[in-house]
Every structure is written in structure tokens, then in C-alpha cells.
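[1] quick one, fold the following:
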Amino acid sequence: MKVQSVTTRLVDVPLAHPIGTAIHSIRSVGCVLVEVTSGDGVVGQSYIFTINGDRLKSFDEMVRGLADVAVIGADPHDTAGIWERLWSEINPTGHKGVTISAMSALDVACWDLVGRNLGLPLHKLWGACRASVPTYASSGLWLSQSLDELVAQASAFVESGFEAMKVRVGSPRLSDDVERVRAVRDAVGSDVELMVDANQKFTAKQAIRLGRALEELNLGWFEEPVPAYDLQGHARVRDALDTPIASGETEYTRHGMQAMLDAGAADVLMPDLQRIGGYSEFRVATSAAAAQNTPVSSHIFTEHSLCLAGSLPSCVTVEHMDWFAPLFNESMELVDGNLVIPDRPGHGFTFNPEAVARFAL
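    Okay, the predicted model is just below:
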């Protein structure tokens with residue numbers, strides 16, 4: 001079997017309502033949809049995205065350029081060899097940023113093609129460890145929402161079956177963040193796991209002050225309390241608080257994850273499928289974390305991350321983000337606070353042609 005073609009489509013999926021975090025203003029997610037097709041007509045799919053579609057064409061150009069030099073004509077089963085050729089090819093351009101995102105898209109699509117060709121779900125192909133995985137609601141509780149809106153949405157998440165959720169923090173006044181998180185805790189009760197995400201807003205001292213003020217609320221974790229590159233700041237916050245620190249979504253490949261581990265920067269690592277380098281590198285990075293008894297939680301890419309969670313015991317939860325759900329024929333299945341790992345071939349999700357046409361750029 002050989003890869004005959006790699007094609008891309010650009011789409012822009014609007015959010016139901018514009019949202020805001022401490023550092024983002026988001027109205028849509030622009031995606032490069034990737035299809036890798038074998039000579040036998042088997043298709044593997046993936047996507048990468050940018051907030052509001054910014055600079056999306058540069059991602060598209062990188063995917064198509066790397067496909068020409070390392071994927072087209074290759075046997076898609078040779079995922080490790082393809083990954084290494086891509087890694088070598090991007091050396092002059094750099095091993096972070098757009099290059100890794102393009103690699104990730106190609107790696108995921110090749111693995112999906114392999115699974116579909118064999119008629120196996122990827123978590124079964126890799127060696128399954130579970131049939132479902134805990135998740136937390138992340139498509140809401142934004143910094144841009146009012147207190148009343150937070151309470152109403154948190155209650156709606158519980159009614160929908162979620163047993164965990166995440167609140168964004170990063171208000172100009174510490175007391176406002178405390179009030180907002182306390183309001184959500186009061187609304188959902190003590191049995192629901194609650195996390196907070198600062199989206200890199202604070203200095204280490206600011207994060208420690210807020211973290212101490214929130215500790216009575218029994219948080220599951222405090223996510224990205226300081227800028228992603230400030231690993232020492234992460235470690236300072238982690239040392240000062242009892243609340244676990246989660247981070248890593250903005251790091252690239254195993255090398256970024258290893259730097260976080262070496263710095264003692266996080267209690268939970270959060271590889272992002274786009275930035276980590278695809279399925280191949282996600283699995284490598286997770287193994288390195290597992291060797292230090294550090295759990296991981298996948299960042300966004302919920303549909304395409306379920307197969308990873310189904311085969312990696314140290315992946316303790318996945319982030320439930322519904323931004324990309326309109327693109328797929330299939331839906332995620334939430335049961336008793338867990339997401340079911342699909343038993344369909346490959347990663348288990350396929351693009352809906354009508355949706356792709358509707359959102360096409």
C-alpha cells in the first residue's frame with residue numbers, strides 16, 4: 001500500500017457565541033482538513049486549526065509541502081519512518097510552531113488510514129486499556145461571561161451528565177476570580193470536580209496569591225498559571241500550592257514535555273495533539289511522563305484524542321471541547337461523566353461533506 005495523494009480543505013467554523021479568556025478573543029476556529037488517500041482508495045483524515053482562522057494558509061502550505069517530500073508515495077504503515085523523515089526535513093525551518101502542526105496533521109491522518117485499512121480502532125491496534133475515559137466540560141465558563149451566566153451554564157453541564165468542568169480565571173482583580181469560582185462551586189456542589197485555567201495570565205507571585213485564595217474550594221487543578229515558557233515560574237507556583245498544576249498544551253514534542261518534567265513544572269501534563277507532533281509523538285511523550293509517574297490529560301482535539309486515551313493508562317482525562325463537533329458525521333458519547341472510546345476503525349470520526357461545504361473558505 002502506498003499513499004497516492006494528500007489533499008487539504010480550509011474551513012472556518014463559527015462558535016455559537018464569541019468568547020474571551022485572559023489572553024484570547026475567539027469567534028471561530030479555522031481548520032485545515034487533511035485527507036491522505038492510498039492507491040486502494042482508503043482515506044485517513046485529520047485537521048489542525050488556528051483561532052479565528054488567523055494565518056491558516058501558512059498551515060495549509062506547510063502540510064502540502066511536507067506531504068510532497070515525505071508522505072506521498074510512502075507506505076502509510078511506516079508511520080515511524082515517515083515521522084523521522086519529516087523531523088529531518090523541518091530542521092532548517094525549526095522544530096516548533098507551524099512545522100510541527102503540519103507534521104501532526106500528516107501523522108494523525110496516516111494512522112487513521114492504517115486503522116481503517118485494517119478495520120481496527122486505533123486504541124485496539126495500539127493495545128486497549130479502557131472502553132471509556134473521564135472527561136470535563138470545557139466548552140464554557142469563560143472569562144467573558146457574567147456571574148449569572150457562569151452559574152446557569154455550570155448547572156446545565158451537570159444536567160447534561162458532566163461530573164467535572166473548568167472555569168477560566170484571569171480577571172483584573174483577584175477577588176473577582178475568587179467570587180466567580182466560588183459561585184460555580186456553590187452551584188455544582190462538592191461532588192463535581194472543578195478546575196481553573198488562567199491561560200498564562202499571571203506572574204508566579206500573582207498565581208500563588210490566587211491559588212492560595214482558591215484552595216478552600218478543593219480544585220482538581222490550576223492550569224497554565226503563568227506564561228508557558230516560564231518553567232521556573234510554574235515550578236514556583238507548584239511548590240507553593242497544594243492544588244495540582246496542569247500545563248503543557250503550548251509545548252512542542254517530547255522535548256518540550258521533558259523540559260517540563262525536568263523543571264518540575266506540572267503535576268499533570270497536557271499534550272496538545274497539534275503541537276505534540278501527532279499520535280506517534282503523543283505516545284512517546286506520554287511514556288516519558290509515565291516513567292516519572294506524571295499523568296497526562298489531552299488538550300482540545302477531543303474526538304481525535306479518544307483513541308489515545310483508550311490505549312494509554314496514564315491519560316487520566318480528556319478535555320471535552322465541542323468546537324469541532326459540527327464537522328463530523330459521528331458524535332461523542334457521554335455516559336456517567338465518561339466519554340466512550342469509539343469502536344469504529346481508525347480514530348473513529350469522519351468529516352461530514354455537507355458541513356465541510358458549508359464552512360468552506
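[2] give the closest residue to residue 126 in space, chain neighbours not counted.
    residue 311 (4.0 Å; C-beta to C-beta, 6 or more residues apart in numbering). Where you see a C-beta, it was placed from the backbone N, CA and C, and this is true even at glycine.
[3] my guess is the one you found contacts residue 120, does it?
    No - Residue 311 lies out of contact with residue 120 (C-beta atoms under 8 Å); the separation is 11.6 Å.
[4] low-confidence bits of the stretch 201-350 of the chain, can you list those?
    Along the stretch 201-350 of the chain, the model assigns pLDDT under 70 to no residue.
[5] would you list every one of the strands in it?
    Listed in chain order, the strands of the stretch 201-350 of the chain (DSSP state E, counting those that start in this stretch) span 222-223, 245-247, 268-269, 296-298, 315-320, 334-335, 338-340.
[6] the first one pairs with which strands, parallel or anti?
    Pointing back at strand 222-223 there. strand 193-197 (parallel), strand 245-247 (parallel) (DSSP bridges).
[7] who's in contact with that strand?
    166, 195-198, 207, 211, 214, 237, 241, 243-247, 270 (C-beta atoms under 8 Å, 6 or more residues apart in numbering).
[8] would you list the strands of the stretch 201-350 of the chain in TSV and tack on distance to residue 255 and mean neighbour count?
    Below are the strands of the stretch 201-350 of the chain laid out as TSV (distance: least, C-beta to C-beta, whole Å; neighbours: other C-beta atoms under 10 Å):
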stretch	distance to residue 255	mean neighbour count
strand 222-223	21	27
strand 245-247	15	26
strand 268-269	13	24
strand 296-298	16	27
strand 315-320	20	23
strand 334-335	34	14
strand 338-340	29	19
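[9] mind putting those into CSV with distance to residue 105?
    Output for those, formatted as CSV (distance: least, C-beta to C-beta, whole Å):
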stretch, distance to residue 105
strand 222-223, 25
strand 245-247, 24
strand 268-269, 22
strand 296-298, 16
strand 315-320, 19
strand 334-335, 27
strand 338-340, 22
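[10] please save the CA atoms from the longest strand along the chain in CSV.
    If you go by DSSP state E, the chain has its longest strand at strand 3-20. Below are the C-alpha coordinates for strand 3-20, written out as CSV (Å, rounded to 0.1, in the frame of the first residue of the first chain):
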residue,chain,number,x,y,z
VAL,A,3,-0.1,7.0,-0.3
GLN,A,4,-1.4,8.3,-3.6
SER,A,5,-2.4,11.8,-2.6
VAL,A,6,-2.7,14.2,0.2
THR,A,7,-5.5,16.8,-0.1
THR,A,8,-6.5,19.8,2.1
ARG,A,9,-9.6,21.9,2.6
LEU,A,10,-9.8,25.1,4.5
VAL,A,11,-12.9,25.8,6.7
ASP,A,12,-13.9,28.3,9.3
VAL,A,13,-16.3,27.0,12.0
PRO,A,14,-18.1,29.8,13.8
LEU,A,15,-18.7,29.5,17.6
ALA,A,16,-22.2,29.8,18.9
HIS,A,17,-21.1,32.9,20.8
PRO,A,18,-17.9,34.9,20.8
ILE,A,19,-15.8,34.0,23.9
GLY,A,20,-13.0,35.5,25.8
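[11] that one: which residues count as buried?
    Going by neighbour count (16 or more other C-beta atoms under 10 Å), the buried part of strand 3-20 is 3, 6, 8-13, 19.
[12] whichever helix or strand comes after that strand vs strand 3-20, what angle?
    With elements assigned by DSSP states H and E, the helix or strand that comes after strand 3-20 is strand 25-38. Put simply, strand 25-38 runs at 170 degrees to strand 3-20, going by axes from the mean of the first three to the mean of the last three C-alpha atoms, to 10 degrees.
[13] other SSEs contacting strand 25-38?
    strand 3-20, strand 43-51, helix 56-70, helix 98-118 (3 or more C-beta pairs under 8 Å, 6 or more residues apart in numbering; DSSP states H and E).
[14] residues touching the residue nearest to residue 126, list them.
    So residue 311 contacts 122-123, 126-129, 283 (C-beta under 8 Å, 6+ apart).
[15] so which of those residues wins on neighbours?
    residue 122 (28 neighbours; other C-beta atoms under 10 Å).
[16] that residue against residue 279, yeah?
    Yes - applying C-beta under 8 Å as the test, residue 122 and residue 279 come out as touching, 7.2 Å apart.
[17] okay, and the common contacts of these two?
    Contacts common to residue 122 and residue 279, judged by C-beta under 8 Å, 6+ apart, are 111, 307.
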